[in-house]
Structures are given as C-alpha cells and as structure tokens.
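Engineer: next input, structure requested:
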Amino acid sequence: MHKKILRTLFFLLCMVTLCSMPAFATEARASSQIMSYSAVLTQSSHGQLSISFSIKATNAMSKIGASRVVIQRYDGTSWASEYTYTIQNTPALQTSGRSFYAVELPYSPSYPQSTYRAIVYFYVESSSEISTAIGTSNTV
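Structural biologist: From the prediction side, this is the model:
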C-alpha cells in the first residue's frame, strides 16, 4: 500500500514537472510587429560612450525606433539614471516609412570610471497598432 502511494505521488510530480516545462522554455515575442531589436554600449579609449541600437519590424512602419533611451550608472548598490534621450531632445530616435532602423548616440559620462548601461524603449507604430519593447545593453 505504501509503495502504491509513493508511486502515485511520484507520477503526479513528474506530470506537473513535464506540463510546466514549456512555459519556461517559451520565449515571449515583444509584439506581432517587432521582429527583433538590440542595444549595445561601447566605450572609447578616451572614456566616451556610444549607444547603438537597432530595431526590425515586420513591415514599413509609420514610426520606428525608440521613444527614449536612458543612460544609467551603477553607484555601488543600484542603477541611477544619469541622462535620458527623448524624442523632444533627440528627434533622430525615430524615423518613418521603414522596416529597419539603427541609431548611434554619443554620450559623455559624468563619472568616466563608473559602470554604465543603457535602457532602450523600442517603439513601432503602424496605422492600426503601437508596439513596444524594452532592451538593456551590456555594461561598460
């Protein structure tokens, strides 16, 4: 009797494990309009930063690019926002009528010896839908 209960519990545990695996293995797509995106941060030998990002959509969009890019500095315990590129201060974040867009933004860090990263808020807009995604660059 004891073995039968153990076997049943083991079987149930196996079934729960097998049924839950696909949920972890599935990669969520940002939207039906965004095919891919990336953000890369590099640092020159003089300490200047360069943020490069690209986004690829399924079709030509009325707007494609990013709604904002946030430069963050690690202060030893957390990430602190140091500067934000927006459409208002950097219109080159977006373009129109294209399915692929890439941008490179220069940045002079306030603390050149610190660790930095960039958070890119990707954005595409068609006549019927707006899609967004968030990408984090590597750290330098």
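
Engineer: next one: stretch 31-41 to chain centre, how far?
Structural biologist: Counting by Cα atoms, centre = their mean, to the nearest Å, stretch 31-41 is centred 7 Å from the centre of its parent chain.

Engineer: same question for stretch 56-72.
Structural biologist: Centroid separation for stretch 56-72 versus its chain: 11 Å, with Cα atoms, centre = their mean.

Engineer: and that stretch, what's buried?
Structural biologist: Going by neighbour count (16 or more other Cβ atoms under 10 Å), the buried part of stretch 56-72 is 56-57, 61, 63-72. All C-beta spots, glycine's among them, are computed from the backbone N, C-alpha and C.

Engineer: with stretch 34-49 instead?
Structural biologist: By 16+ other Cβ under 10 Å, the buried positions in stretch 34-49 come out as 34-35, 37, 39-41, 49.

Engineer: which residues are contacting it?
Structural biologist: 30, 50-58, 71, 106-109, 112, 116-120, 122, 124, 131, 133, 135-140 (Cβ atoms under 8 Å, 6 or more residues apart in numbering).

Engineer: would you list the buried residues of stretch 56-72 in TSV and tack on pLDDT and secondary structure?
Structural biologist: Listed next are those as TSV, based on pLDDT from 0 to 100; DSSP: H, G, I helix; E, B strand; the rest coil:
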residue	pLDDT	secondary structure
56	97	strand
57	97	strand
61	98	strand
63	98	strand
64	98	strand
65	98	strand
66	98	strand
67	98	strand
68	98	strand
69	98	strand
70	98	strand
71	98	strand
72	98	strand
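
Engineer: quick one: pLDDT of residue 45?
Structural biologist: pLDDT recorded at residue 45 is 87.

Engineer: and it, what element?
Structural biologist: Assigned by DSSP states H and E, residue 45 falls within no helix or strand.

Engineer: can you check residue 122 too?
Structural biologist: Using DSSP H and E, residue 122 sits within strand 115-125.

Engineer: check which helices and strands that strand sits against.
Structural biologist: Counting contacts by 3 or more Cβ pairs under 8 Å, 6 or more residues apart in numbering; DSSP states H and E, strand 115-125 is packed against strand 34-43, strand 49-61, strand 63-74, strand 130-136.

Engineer: related to what we said a few turns ago, which one of the buried residues of stretch 56-72 is nearest residue 91?
Structural biologist: Ranked by distance to residue 91 (Cβ to Cβ), the buried residues of stretch 56-72 are led by residue 65 at 9.8 Å.
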